[in-house]
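In: got a predicted model here, sequence first, then my questions.
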Amino acid sequence: MRVRFAPSPTGYLHVGGARTALFNWLLARKEGGTFVLRIEDTDQARNRDEHVEAILHGLSWLGLDWDEGPLYQSEGVKRHEQEAFRLLEEGKAYRDFATPESIRAEASARGVHPSSVARERAALVTEKEAASRIAAGKPYALRFRVPPGETSFTDVVHGDMRFANEDVDDLVILRSDGTPVYNLAVVSDDHAHGISHVIRGDDHLSNTPKQVLLYRALGYPEPVFGHVPLILGADGKRLSKRHGATAVGDYESQGILPDAMVNFLALLGWNPGDEREVMSRDELVEAFTPERILKKSSVFDLEKLAWLNGRHLAQRPSSTLLPGVRERLAKRKEVDAARTADDAWMESLVDLLKVRARTVDEIADQAMPYVCDTLAFDEAAVAKHWRKDPARSADYMERTAAALSATEWSAAALEEGLRGLAEEMGVGAGKLIHPLRVALTGQSASPGIFDVLTLLGSARSLARVEEAVRLVRAM
RNA sequence: GCCCCCAUCGUCUAGCGGUCGAGGAUAUCUGGUUCUCAGCCAGAAGACCGGGGUUCGAGUCCCCGUGGGGGUACCA
């Protein structure tokens, strides 16, 4: 089995393209096949090197490694051209000296099919006339002569497809400037590259009968086709820029994990047939089967991606998350670089934060109170836990600090110390903990307070409480 | 205009004629657990686009309609 992903480099790697690539990749890995990457670069106007780079980067980030390529469609133009002329010699194509505009104009004026106009005009040109026009340097295009009848093929996702050939126009296969046109080029390339399964977007479904006809005219065996549905935005329209991030790279920068993105994309229009949702790459490969690809297009749901990413984040060893967290923290000037340098300390910090974050960006946000020397206070937290009763809050914090400084600085001992104090004072432990949390983190929500204390260490913790008491006393 | 594809909770989906008074996940809302948050546990609300057939029986099959999408290039 040989499959391919053949994007045209018109921009960044779009999530829809990424999913098409993923389905091909999953199929190849599942069946022990070969995944070929081919860049459809024959549209000179839109083709840009940086776009190719972006696509390769996106695929690499997702971990969709290709076995062959990148191949380029432009490498095959000589072959495309030869095949177009072969079809001419065999009478399966004809010369068209007319301009597309004049054919369209006549067709609409007479109310007939453009193909019949093109054929009539071509029939008017004798071989001798053609030869003299060619000698005179007159340009002509080559059109494929669509035979009568109907064309059918089996689609892995849609089942049996059947098209009336009269609805298929005589398509140009070679432009008057001598360059080949897409429909011929793909057929030629897919055959040349030995592609056995063409899995691509639904937007190619209507092109497929043309291509099937070309395969047959050229005498090439047809591959198996499979057309996967498109991805839509929240309003049900085809996913585009105005729906937000559509480039895979956007999710990379937001701190979505490649494994989560792959998991999410795989579940868009496909499911394993049981109720699993959080799946590893290996599980996806093992479970993947193209027959279970849905026919229906689906909406790209950011919320579910975020949830899935949170699940992957929580499962992931903190050490592997560290580079991403550090990279993000390094961009923030308030961060004390010395603190982020300590591997073991950073790992235990990430251990505490990853379970309550949905993206790597969020981990970085939540890490701020620990990696910065000056604390940013959340006004709502201050209002709730300090300002309501400043005198009591300050008193509680002072007594808490005194009790804690008298114990061994470990989570268990600190907890015992604090709870002992609460009992002695006849108040719930929460009464002591809430003002303390604001003092240590500036926030009303954080990891467990005893973990926060041990992570910050006694010196920093006690200094923060001392500072908090000073602030609260001044209220 | 013409051709083609598609249609189950807001969203992702299970369902391949009877076990569906439609299941799971997410999101939302309750309650419980915990020092807060996240999580976890328990619960609530929430869908078969419409109309005709076929059949003893239809979310499941057929037809029409409606809606959405794609194609119809000397773009890919």
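Out: Done, it's in. Quantities reported herein were computed from a predicted structural model and do not represent experimental measurements.

In: use CA for all of it now, contacts and neighbours both
Out: Noted.

In: please enumerate the strands of chain A.
Out: Taking DSSP state E, the strands of chain A run over residues A:2-5, A:34-39, A:68-72, A:93-96, A:141-144, A:150-155, A:159-164, A:172-174, A:197-201, A:224-228, A:231-232, A:298-299.

In: how about A:Leu305, nearest residue that isn't a chain neighbour?
Out: Once flanking residues are discounted, A:Leu305 sits nearest to A:Phe264: 6.1 Å by CA to CA, 6 or more residues apart in numbering.

In: okay, now the one you found: neighbour count?
Out: By other CA atoms under 10 Å, 23 other residues sit near A:Phe264.

In: repeat for the one 5 residues further on
Out: If you count neighbours by other CA under 10 Å, A:Gly269 ends up with 19.

In: mind giving me a markdown table with the strands of chain A and columns for distance to RNA strand B, mean pLDDT and mean neighbour count?
Out: Output for the strands of chain A, formatted as a markdown table (distance: least, CA to the nearest atom of the strand, whole Å; pLDDT from 0 to 100; neighbours: other CA atoms under 10 Å):
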| stretch | distance to RNA strand B | mean pLDDT | mean neighbour count |
| --- | --- | --- | --- |
| strand A:2-5 | 11 | 97 | 25 |
| strand A:34-39 | 8 | 97 | 22 |
| strand A:68-72 | 10 | 92 | 15 |
| strand A:93-96 | 6 | 94 | 24 |
| strand A:141-144 | 5 | 95 | 24 |
| strand A:150-155 | 10 | 94 | 16 |
| strand A:159-164 | 6 | 92 | 13 |
| strand A:172-174 | 5 | 95 | 25 |
| strand A:197-201 | 8 | 97 | 22 |
| strand A:224-228 | 8 | 96 | 22 |
| strand A:231-232 | 7 | 92 | 22 |
| strand A:298-299 | 3 | 94 | 18 |
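
In: for the stretch 1-150 of chain A, give me the ranges with low pLDDT.
Out: Applying pLDDT under 70 to the stretch 1-150 of chain A picks out residues A:44-47.

In: the stretch 301-450 of chain A too?
Out: Answering for the stretch 301-450 of chain A: no residues sit below the bar, that is pLDDT under 70.

In: wait, what's in contact with A:Gln73?
Out: A:38-42, A:185-186, A:189 (CA atoms under 8 Å, 6 or more residues apart in numbering).

In: try it again with 6 Å
Out: A:40-41 (CA atoms under 6 Å, 6 or more residues apart in numbering).

In: RNA strand B versus that one, what's the distance?
Out: Counting by CA to the nearest atom of the strand, to the nearest Å, the separation of A:Gln73 from RNA strand B is 7 Å.

In: again with A:Ser196
Out: The spacing between A:Ser196 and RNA strand B, counted by CA to the nearest atom of the strand, is 19 Å.

In: what is the neighbour count of A:Thr179?
Out: Number of residues near A:Thr179 (other CA under 10 Å) recorded here: 17.

In: how much space between the closest residue in space to A:Ile293 that isn't next to it in sequence and A:Tyr72?
Out: Of all residues not flanking A:Ile293 in the chain, A:Trp270 sits nearest, at 4.6 Å (CA to CA, 6+ apart). As judged by CA to CA, to the nearest Å, A:Trp270 and A:Tyr72 stand 30 Å apart.

In: hmm, the top helix by length along chain A touching RNA strand B?
Out: Counting by DSSP state H, the longest helix found in chain A is helix A:449-473. Yes: under the criterion of CA under 7 Å from any atom of the strand, helix A:449-473 makes contact with RNA strand B via A:449-450.

In: gap between the closest residue to A:Ser74 other than its chain neighbours and A:Glu53?
Out: Spatial nearest neighbour of A:Ser74, excluding adjacent residues (CA to CA, 6+ apart): A:Thr42 at 5.5 Å. Separation of A:Thr42 from A:Glu53 (CA to CA): 16 Å.

In: neighbour count winner among the two?
Out: Higher neighbour count among A:Thr42 and A:Glu53: A:Thr42, with 21 against 14, using other CA under 10 Å.

In: and the more buried one, how close does it get to A:Gly91?
Out: Separation of A:Thr42 from A:Gly91 (CA to CA) stands at 26 Å.

In: now do A:Tyr72
Out: A:Tyr72 is 29 Å from A:Gly91, by CA to CA.

In: repeat for A:Leu294
Out: For A:Leu294, the distance to A:Gly91 - CA to CA - is 40 Å.

In: does A:Leu232 really touch A:Lys241, like I thought?
Out: No: applying CA atoms under 6 Å as the test, A:Leu232 and A:Lys241 come out as separate, 11.4 Å apart.

In: residues in contact with stretch A:91-111?
Out: A:87-88, A:113-114, A:122, A:140-145.

In: give me the buried positions along stretch A:122-141.
Out: Within stretch A:122-141, the residues that qualify as buried are A:122, A:130, A:139-141, counting by 16 or more other CA atoms under 10 Å.

In: any idea how far it is from the chain center?
Out: Relative to its chain's centre, stretch A:122-141 lies at 50 Å (CA atoms, centre = their mean, to the nearest Å).

In: show residues contacting that stretch.
Out: Stretch A:122-141 is contacted from outside by A:95-97, A:174-176, using CA under 6 Å, 6+ apart.

In: ok, A:Ala459 - contacts?
Out: For A:Ala459, the contact set (CA under 6 Å, 6+ apart) is empty.

In: redo that, cut-off 10 Å
Out: Each residue near A:Ala459 by CA atoms under 10 Å, 6 or more residues apart in numbering is listed here: A:405, A:453.

In: dump the residue contacts of A:His193.
Out: Here A:His193 is in contact with A:2-4, A:36, A:38, A:68, A:71, A:187 (CA under 10 Å, 6+ apart).
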